[in-house]
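Colleague: would you be able to build a 3D model of this:
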Amino acid sequence: MTDLLAATALDDDRPTEVAAAAATCVVLDTSVLIADPEAVYAFAHADAVIPLVVIEELDQHKSRVDDVGRSAREVIRTLEDLRVANGGDIREPVRLPGGGTIRIETNGLMLDEVAAKGLDPALPDNRILAAALGQARSVPTTVVSNDAALRIKAAQVGLGAAEHVRRRAASDDEQRRRGWAPVEVSADVVDLLYASPAGVELAELGSFGAAVDAAVGPNGYGALRAGSQSVLARRTGDRLVPLRGHLEAWGLRPRSKEQSFALDLLLDPDVRVVALDGMAGTGKTILALAAGLEQVMESRAFDKLAIYRPVVPVGKAELGFLPGGLEEKLDPWMTAVHDALVALTESRSHADARVVLDEMTERDKLSLEAVTYLRGRSLHGTFVIVDEAQNLEPTTLKT
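Modeller: Next comes the predicted model:
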């Protein structure tokens with residue numbers, strides 16, 4: 001896997017002991033956990049409390065097919081892992097590997113006090129306030145929420161109120177998971193790699209080989225630097241292979257080291273699955289399309305380029321029923337992919353790009369389809385791109 005931008009991921013360690021309560025308490029609401037599923041681990045010096053009503057709200061969101069649903073499912077899985085690892089019960093504070101504790105609060109709700117303030121105790125946000133007021137009887141308590149209205153109400157009933165900002169630093173394991181790592185080496189190592197297009201054994205690099213071995217995982221990449229000299233290289237087994245100097249696919253050249261790493265993997269026939277992760281605009285889709293077109297139309301390593309996209313609206317916006325046949329119904333969902341294909345083809349061909357793409361489709365060299373109709377199909381000799389895969393359920397991806 002290669003990442004076009006640095007990524008973060010949940011720690012693999014699981015807590016195994018019950019701990020005493022911390023000196024301060026933070027009460028997390030649903031908005032925080034939806035915005036940052038790792039917020040469970042973000043309070044290293046506090047006792048983090050999740051009211052039971054928050055679990056109920058997460059359960060209501062888990063079936064959504066957008067980012068909110070994905071975050072809800074991730075938080076629920078994390079809390080279930082914590083519960084199982086601690087004997088099936090996390091009503092008592094459980095120590096977390098990065099510091100702090102976590103527990104789910106089921107009792108101690110000050111519902112009468114909430115009602116006395118003129119608030120409806122049946123509403124989820126007000127039940128969160130009631131749980132926080134219960135904690136505040138014994139320890140300084142802050143309601144952490146990305147909902148401004150809830151923060152205002154918390155402050156008005158005498159509680160601390162704070163907005164959550166994701167600031168968790170990536171661990172060494174996370175650095176490896178992003179697909180590449182910087183490594184300081186000697187000028188001799190850089191010169192040796194430039195002089196060895198087929199690569200060199202890590203053992204030949206001495207102590208620098210051990211540094212590369214520790215920093216770069218299988219099929220991972222290293223940005224090796226020695227002062228002003230540098231070289232990009234990929235680890236294949238126990239060898240380090242320098243990247244080709246002029247990577248190009250269907251007229252497209254990478255403009256950053258991350259894009260170079262991605263294109264190198266996409267053009268390698270020995271790598272069967274490539275996962276690209278990064279923010280919008282970093283080139284994930286257009287790199288995959290360029291690599292697919294290159295290997296279907298030029299090198300002919302594949303017979304066909306098939307592009308699949310989940311039919312998932314942004315946010316809660318729904319278009320309703322669309323007119324026409326299947327292709328016409330899919331047009332709104334495929335516009336971004338079609339525009340990228342047109343841009344790539346226009347830069348390479350003097351002919352009308354849309355005509356060229358229509359010819360590819362008629363010759364069965366190119367297809368744009370919804371993931372909905374993928375189950376049960378056998379795709380032989382096909383370069384498959386699944387765009388916006390983060391919107392898919394894990395079971396759908398496995399299919």
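Colleague: in which helix or strand does Leu224 reside?
Modeller: Leu224 is part of strand 221-226 when elements are defined by DSSP states H and E.
Colleague: I'd guessed Val144 sits against His164; true?
Modeller: Yes. Val144 is within contact range of His164, at 5.1 Å (criterion: C-beta atoms under 8 Å). Just so you know, the C-beta spots here come from the backbone N, C-alpha and C atoms, and that holds for glycine as well.
Colleague: mind checking which of the two has more residues around it?
Modeller: Counted by other C-beta atoms under 10 Å, Val144 and His164 do not tie: Val144 has more neighbours, with 26 against 19.
Colleague: that one bridge partners, please.
Modeller: Residues in a beta bridge with Val144, per DSSP bridges, are Leu28, Ala162.
Colleague: give me the distance between it and Tyr308.
Modeller: 39 Å (C-beta to C-beta, to the nearest Å).
Colleague: can you give the domain ranges for this structure?
Modeller: 2-162, 179-243 (automatic domain parsing).
Colleague: was I right about Met297 contacting Lys365?
Modeller: Yes. In this structure, Met297 is within contact of Lys365 by C-beta under 8 Å, at 6.8 Å.
Colleague: re the thing from before, could I get the domains of the chain as TSV with mean pLDDT and distance to Thr335?
Modeller: Shown next, in TSV, are those (pLDDT from 0 to 100; distance: least, C-beta to C-beta, whole Å):
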stretch	mean pLDDT	distance to Thr335
domain 2-162	86	19
domain 179-243	94	29
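Colleague: how about these, which one is nearest Ala353?
Modeller: domain 2-162 (25.2 Å; C-beta to C-beta).
Colleague: next one: the closest one to chain centre, how far?
Modeller: 22 Å (C-alpha atoms, centre = their mean, to the nearest Å).
Colleague: picking up where we left off before, now do the following helix or strand past the strand holding Leu224 against strand 221-226, angle only.
Modeller: Following strand 221-226 in sequence order, the next helix or strand is strand 229-236 (DSSP H and E). Comparing the axes of strand 229-236 and strand 221-226 via axes from the mean of the first three to the mean of the last three C-alpha atoms, to 10 degrees yields an angle of 150 degrees.
Colleague: from the chain's centre, how far out does whatever helix or strand comes next after strand 229-236 sit?
Modeller: Downstream of strand 229-236, the first helix or strand assigned by DSSP H and E is strand 239-242. Strand 239-242 has its C-alpha centroid displaced from the chain centroid by 28 Å (C-alpha atoms, centre = their mean).
Colleague: list the helices and strands the next helix or strand after strand 239-242 packs on?
Modeller: The helix or strand immediately downstream of strand 239-242 is helix 257-266, counting by DSSP H and E. Judged by 3 or more C-beta pairs under 8 Å, 6 or more residues apart in numbering; DSSP states H and E, helix 257-266 is in contact with strand 2-3, strand 180-184, strand 221-226, strand 229-236, helix 284-293.
Colleague: what sits up against the second one?
Modeller: To tie it back to what came earlier, the one meant is strand 180-184. Identification of contacts with strand 180-184 by C-beta atoms under 8 Å, 6 or more residues apart in numbering yields 2-3, 175, 208, 211-212, 215-216, 220-226, 257-258, 261.
Colleague: tell me the angle of that strand relative to strand 229-236?
Modeller: Using the same axes, to 10 degrees: strand 180-184 against strand 229-236 is 130 degrees.
Colleague: tilt between strand 180-184 and helix 257-266?
Modeller: 120 degrees.
Colleague: so how far is whichever helix or strand comes after strand 180-184 from its chain's centroid?
Modeller: Under the assignment DSSP H and E, the closest C-terminal helix or strand after strand 180-184 is helix 187-194. Centre-to-centre, helix 187-194 and its host chain are 34 Å apart (C-alpha atoms, centre = their mean).
Colleague: which parts of helix 187-194 are buried?
Modeller: Judged by neighbour count using 16 or more other C-beta atoms under 10 Å, the buried positions of helix 187-194 are 189-190, 192-193.
Colleague: the following helix or strand past that helix: partners in the sheet, and parallel or antiparallel?
Modeller: Under the assignment DSSP H and E, the closest C-terminal helix or strand after helix 187-194 is strand 200-201. Taking DSSP bridges as the criterion, strand 200-201 forms sheet pairs with strand 239-242 (antiparallel).
Colleague: strands of the stretch 251-399 of the chain, residue ranges please.
Modeller: 276-277, 304-309, 366-370, 382-386 (DSSP state E, counting those that start in this stretch).
Colleague: ah, wrong one, I meant the stretch 51-200 of the chain
Modeller: 94-95, 101-105, 141-144, 160-162, 180-184, 200-201.
Colleague: winner for burial among those?
Modeller: strand 141-144 (a mean of 25; mean count of other C-beta atoms under 10 Å).
Colleague: does anything pack onto that strand? Which helices or strands?
Modeller: So strand 141-144, by 3+ C-beta pairs under 8 Å, 6+ apart, packs with strand 25-28, helix 124-136, helix 148-156, strand 160-162.
Colleague: who touches it?
Modeller: 24-29, 32, 39, 43, 128-129, 132-133, 135, 150-151, 154, 159-164.
Colleague: try stretch 293-300
Modeller: With C-beta under 8 Å, 6+ apart, stretch 293-300 has contacts from 249-250, 267, 269, 301-305, 341, 344-345, 360, 365-366, 383.
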